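I would like the atomic coordinates for the input below:
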Amino acid sequence: QVQLVESGGGLVQAGGSLRLSCAASGRTFSMYAMGWFRQAPGKEREFVASITWSSGTTVFADSVKGRFTISRDNAKNTVYLPMASLKPEDTAVYYCAASQDYSGKYAYRYRYWGQGTQVTVSS
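Residues are numbered from 1 along each chain as shown. Okay, the predicted model is just below:
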């Protein structure tokens, strides 16, 4: 069982930066691949980025490539999503998710989810 808690969201102007964090409970955090997803009002949840348990492989949605990164600190049971050059279209609730056997872009393959943190980018 893994419990996830996101933090770091807020209001930022276009062009600004934020760093989201996702703290996980459980001793086996290091065995899980982690993903970040987002959902804007009236839209479906979409993939943002993912990272394997060893940090060996990261994947990004085309819309965030070159602006967002993803990293994890298994000793701290935390995964991070530093976001730069933010745009109004990045406004959404951001969720982190964990999977024991999948690190791709399909949300249904992730078993554990956090409650989300709001990111609002003003123009």
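
the strands in this protein, which residues?
With strands called from DSSP state E, the chain shows them at 4-7, 10-13, 18-24, 33-39, 46-51, 58-60, 71-73, 78-83, 92-99, 112-113, 117-122.

Give me the contact list for the fifth one.
Strand 46-51 has contacts (Cβ atoms under 8 Å, 6 or more residues apart in numbering) with 33-39, 57-61, 64, 68-72, 79, 81, 94, 103-107. Every C-beta, even on glycine, is put in place using the N, C-alpha and C of the backbone.

can you do 7 Å?
Contact partners of strand 46-51, identified using Cβ atoms under 7 Å, 6 or more residues apart in numbering, comprise 33-38, 58-61, 64, 68, 70, 72, 79, 81, 103-105, 107.

And for the third one?
Surrounding strand 18-24, the residues in contact under the criterion Cβ under 7 Å, 6+ apart are 2-10, 12, 34, 77-83, 86, 94, 96, 98, 114, 117, 119.

List buried residues within those residues.
Among these, those classed as buried by 16 or more other Cβ atoms under 10 Å are 2, 4, 6, 8-9, 12, 34, 77-81, 83, 86, 94, 96, 98, 114, 117, 119.

hmm, back to that, pipe the strands of the chain into CSV and attach mean pLDDT per row.
What follows is these, written out as CSV (pLDDT from 0 to 100):
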stretch, mean pLDDT
strand 4-7, 97
strand 10-13, 98
strand 18-24, 97
strand 33-39, 97
strand 46-51, 97
strand 58-60, 96
strand 71-73, 94
strand 78-83, 97
strand 92-99, 97
strand 112-113, 96
strand 117-122, 98
